[in-house]
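1. below are the sequence and a predicted model; questions follow.
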Amino acid sequence: MVKDTTLQRRQFVKAAGAGSVLGTVGIAGCTDDISGGSGGGEFPSQDIEMICPWAEGGGTDQTARQLASGVENHLDTSAYVSNQTGGTGSVGFGAIANAAPDGHTVGVLTVEITTIEHLGVAQVSHEDVEPILQYNFDPAALTVPEDAPYGTLSEFIDYAEDNPGEISVSNSGPGGIWHLSAAGFAQEAGIELDHVGYNGAAPATEAVVNGEVQATTSSAPEVAGQVEDGPLTTLAVFGEERVDLMPDTPTLMEEGVDFSMGAWRGLGVPNDTPDDVISTLYDAYNSVYESDEFQEFMDTSGFGLRKRDTEEFGQFMQQSYEDFGELVENLELGE
């Protein structure tokens, strides 16, 4: 896929940023007037708007609200979340990129900011924002029926090698992170799988239970209930470390497959935001991340904790963008 020019990108981002706000909910302590300018004084000089590109009530929204309520204890201002949804996250990402670069708009970034440009969904990517920190990573998990003819990842790979294309793997939609995770794993393992898209992780999991497909990829929390009570078992998680929810389940790397992929969340601001403002925001949100309250919330809710600082998060997004570009091209998914 040939990337568009910077001008074309900016024109799209401006258009995406004009999308309607589908839900704006204030956090306790938020003042009535959130539209005042910075006034050129010390930062912050007004409330912090946290733009969430995903719907109210979802996992990304839940984590954003927890961060917003916590950061008020570390900045001399209030924070609130606005949900600006649509276009596989592109409306919200565009709104983040086009906000005033003064630190008073902080965006919640998700893995889609490194995939949707490759998929031809939108001309917006991680290059349109500056990173603050990453706070979450939920690796994909390969889950199969307990009575499947393969009880380990090695046996799964051997079976797939002997029966190319016979194993159908469900996911939450073509081009989504769980589809890309399964396809990337298959590519790295040198096997052929049949990928079947469903409208979300829940029906994709049910498809395995009902025998419509032979496996599924999703996050560990999305299959945990069926794994704990049967009739499913998870063969491996696609992270660098095991997940607390499934401590006995190995990683792909432990099983000899050098591959890691999953969903993640982080924070960013518009390009040209001053370095000292980014540093202040990092210190504040990092304090929230390290707090007992946030750690307990993430653990109780089943969200994986993973912190990367400003520089590391930027490097991670760049590498992810490049990896997804190669994968999407190999799969012939992009436009």
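-> Yes, it's here.

2. which SSE is Tyr289 in?
-> Here Tyr289 sits within helix 275-290, counting by DSSP states H and E.

3. for that helix, buried residues please.
-> Using 16 or more other Cβ atoms under 10 Å as the test for burial, helix 275-290 gives 277-278, 280-282, 284-286, 288-289. All C-beta spots, glycine's among them, are computed from the backbone N, C-alpha and C.

4. so for it, what's the average pLDDT?
-> Mean pLDDT, helix 275-290: 98.

5. likewise stretch 66-79?
-> The average pLDDT for stretch 66-79 rounds to 96.

6. again, but for stretch 95-113
-> Mean pLDDT, computed over stretch 95-113, is 98.

7. now the terminal residues of that stretch, how far apart.
-> This stretch, stretch 95-113, spans 13 Å end to end (Cα to Cα, to the nearest Å).

8. on that earlier part again, closest to Gly197 among the buried residues of helix 275-290?
-> Ranked by distance to Gly197 (Cβ to Cβ), those are led by Tyr289 at 33.7 Å.

9. how many neighbours does Ser301 have?
-> 12 (other Cβ atoms under 10 Å).

10. which non-adjacent residue is nearest it?
-> Gln62 (6.6 Å; Cβ to Cβ, 6 or more residues apart in numbering).

11. over to that neighbour: give its phi and psi.
-> When read as degrees, to the nearest 10, the backbone of Gln62 gives phi -60, psi -50.

12. please renumber the chain so that the first residue is 55 from this point on.
-> Done: numbering now begins at 55, and the last item shifts to Gln116.

13. distance of it relative to Ala122?
-> As judged by Cβ to Cβ, to the nearest Å, Gln116 and Ala122 stand 11 Å apart.

14. of those two, who's got more company?
-> Ala122 (27 against 17).

15. nearest residue to the more buried one other than its sequence neighbours?
-> Ala133 (4.1 Å).

16. ok, which stretches of the stretch 105-254 of the chain are strands?
-> In the stretch 105-254 of the chain, the strands defined using DSSP state E, counting those that start in this stretch lie at 133-137, 159-164, 183-199, 222-225, 248-251.

17. and for Gly254, the neighbour number?
-> 14.

18. that older thread, contacts for the helix holding Tyr343, please.
-> Residues from elsewhere that reach helix 329-344 (Cβ atoms under 8 Å, 6 or more residues apart in numbering): 97-98, 121, 124-125, 127-129, 156-157, 160, 184, 186-187, 189, 321, 323, 348-349, 359, 361, 363-364.

19. okay, helices next: where are they in the stretch 105-254 of the chain?
-> Using DSSP state H, counting those that start in this stretch, the helices of the stretch 105-254 of the chain run over residues 113-125, 144-151, 207-216, 231-243.

20. pick the most buried one from those.
-> Mean neighbour count (mean count of other Cβ atoms under 10 Å) peaks for helix 144-151 among the helices of the stretch 105-254 of the chain, with a mean of 28.

21. contacting residues around Val323?
-> 150, 153, 155, 157, 159-161, 183-184, 186, 331-332, 335.

22. an error on my part: the question was meant for Phe367.
-> When contacts are counted by Cβ under 8 Å, 6+ apart, Phe367 touches 185-188, 320.
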